[in-house]
Each structure stands twice: as C-alpha cells, then as structure tokens.
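Trainee: Next one to model:
(one chain, ligands or ions: 3)
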Amino acid sequence: MTGLRIPDNALLRHKLARLRDRRTDSAGFRRLLAEIGAMLTMEAMADLPEREEAVETPVTATRARMLAAPEPCLVAVLRAGLGLLEGARGILPEAPVGHLGLVRDEHTLVASEYVVRLPRDLAARGALVLDPMLATGGSAVQAVARVKQAGATTIRFACVVAAPEGLHALCAAHPDVPVIAAALDEKLNERGYIVPGLGDAGDRCFGTE
Ligand SMILES: O=P(O)(O)OC[C@H]1O[C@H](OP(=O)(O)OP(=O)(O)O)[C@H](O)[C@@H]1O
Ligand SMILES: O=c1cc[nH]c(=O)[nH]1
Ligand SMILES: [Mg+2]
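Mentor: Ligands and ions are numbered 1, 2, ... in the order given. All right, here's what the predicted structure looks like:
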C-alpha cells in the first residue's frame, strides 16, 4: 500500500487541535505527541502480514490471527520524532529502536545528519520512521534513504502534519513508502514552516523556543 493515509478518527483530530494550539505548554505538547504517536502507529501497523495459529483460551480451543513476522523497528528522527516514539513504543514494546539525528538549516532548509544509530535487523523487520513534521520533505527523504541503505525494504513513514510539498517530495523519492499522517495541511510559508501547522515541533517538545 502506498500514498497518504489519514485515519478518520475524531479523537485523533481532537488531540491534533490541542497540539496545534499555541497555548499548549511543553509538558502538554509532549503528552499529546506521545498519544498521537500511539494512534498513528496503530494505523501504520494495520496491514502487517498475519498468520493463523491454534490458541487455547480458558474456555475452548480456537484459531487466532497473529503477526507473521517480528515487530518492525522504530526509527525516530531527532529531535521531534522522540515525542512520537514514546507512544509508538507502548504499541510495539518489542521493536528495536533506531535514532537518526537530522537538523534543518533555517536559511537553506537543507537537513544535515549528526547522528545515526540504527538496529541491525532492519532487513528482517522493516521499519516505521517517525517524525511529526513533513515540511519540504528534505529530512524525510534523507531519513528513509538512510534506513534503506541500512537494509530495510519494508518502510512506513508516520508524521503528524504533512505539507503538500513534503508529501510530494517523499512520494516522488520513495514511492514504495506509505505515509500515515494525522493531517494534510495547506502549504509552507516563506520560512519553510507548515501552515497552519503547529510551529517548531522540536522546540515545543523540549522547551527550547
Ligand atoms: O521536511 P523538512 O523541511 O526537512 O522539515 C522537517 C524537519 O524539521 C524538523 O526538525 P528540525 O530540523 O527543526 O530539528 P529538531 O527536531 O531538532 O528541532 C522536523 O522535526 C523535521 O525533521
Ligand atoms: O512547521 C515546521 C516545519 C519544519 N519543522 C517544524 O518543526 N515545523
Ligand atoms: Mg526544530
């Protein structure tokens, strides 16, 4: 499955509205980002391959569907992806976790890499890449390329807010990667911020505004 998936979920829209609100403080922002991370992870995992097995309940023998492969790795794009990671780990407790440090130059909007720590079994497990903001798409395109270079062939990308420009760039560079988002926003402004967006996710998450 490729392209954009936005869960049709009133609770997700409610949490996103509160995340966007400039009056939400850093502690509230972090909590909401974790909750949204859990919801997006659930949606992103909805089409994982399954197998059927015999299971004994306390009442009877039955057959039940379970995952056919180990949980995918989680890869957080620093810093803001750490906020989503917290919730995603609650949903995928056995997933190995990778960290990818990327920072965007505020003038050129080009992202540069400052840390790469990826799990070994990306090839066997695949990956869910987490970054709340898909703006120009430069960071996401680089992040997915890194994860592919490390061996992953099945990759999903989860973000909170996508700009049309970033979505287009990511789908053009990596057409095999489905994007799971809470919202598709209107545009980028002249400083490369998503409009209406939610501001600088990393700064709001870590109180560095
Ligand atoms: O689509 P792009 O134009 O590349 O922009 C999106 C990137 O910008 C933000 O990170 P930032 O560089 O601000 O780093 P931070 O998370 O450390 O604040 C965001 O978390 C994405 O990684
Ligand atoms: O709107 C934006 C764009 C990039 N990064 C952010 O944190 N926010
Ligand atoms: Mg930032």
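
Trainee: Low-confidence regions, the protein specifically.
Mentor: 1-2 (pLDDT under 70).

Trainee: try 90 this time
Mentor: By pLDDT under 90, the weakly predicted segments of the chain are 1-2, 209.

Trainee: So which bits of it are right by ligand 2?
Mentor: With Cβ under 6 Å from any ligand atom as the criterion, the chain comes near ligand 2 at residues 80, 133, 135, 193-194, 197, 200-202. C-beta coordinates here come from the backbone N, C-alpha and C atoms, glycine included.

Trainee: Adding distance to residue 50 and secondary structure as columns, could you present those in a markdown table?
Mentor: Compiled in a markdown table, the residues of the chain next to ligand 2 are given as follows (distance: Cβ to Cβ, whole Å; DSSP: H, G, I helix; E, B strand; the rest coil):
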| residue | distance to residue 50 | secondary structure |
| --- | --- | --- |
| 80 | 32 | coil |
| 133 | 32 | strand |
| 135 | 35 | coil |
| 193 | 40 | coil |
| 194 | 35 | strand |
| 197 | 36 | coil |
| 200 | 39 | coil |
| 201 | 33 | helix |
| 202 | 36 | helix |
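
Trainee: and which of these is nearest to residue 13?
Mentor: residue 197 (15.4 Å; Cβ to Cβ).

Trainee: Check the residues of the chain next to ligand 2 one by one and keep those near ligand 3.
Mentor: 200, 202 (Cβ under 5 Å from the ion).

Trainee: out of the residues of the chain next to ligand 2, who's near ligand 1?
Mentor: Near ligand 1, by the rule Cβ under 6 Å from any ligand atom, you find 80, 133, 135, 200-202 out of these.

Trainee: looking at it, residue 79 is touching residue 202, isn't it?
Mentor: Yes. Under the criterion of Cβ atoms under 8 Å, residue 79 makes contact with residue 202 at 4.2 Å.

Trainee: what's stretch 76-90 in contact with?
Mentor: 29-30, 33-41, 74-75, 95, 97-102, 115, 128-133, 139-140, 143, 158, 160, 201-202, 205-206 (Cβ atoms under 8 Å, 6 or more residues apart in numbering).

Trainee: Check which helices and strands the longest helix that the chain contains is in contact with.
Mentor: What stands out as the longest helix in the chain, according to DSSP state H, is helix 26-44. Applying 3 or more Cβ pairs under 8 Å, 6 or more residues apart in numbering; DSSP states H and E, one finds that helix 26-44 contacts helix 10-20, helix 81-91, strand 127-130, strand 155-162, strand 179-184, helix 201-206.
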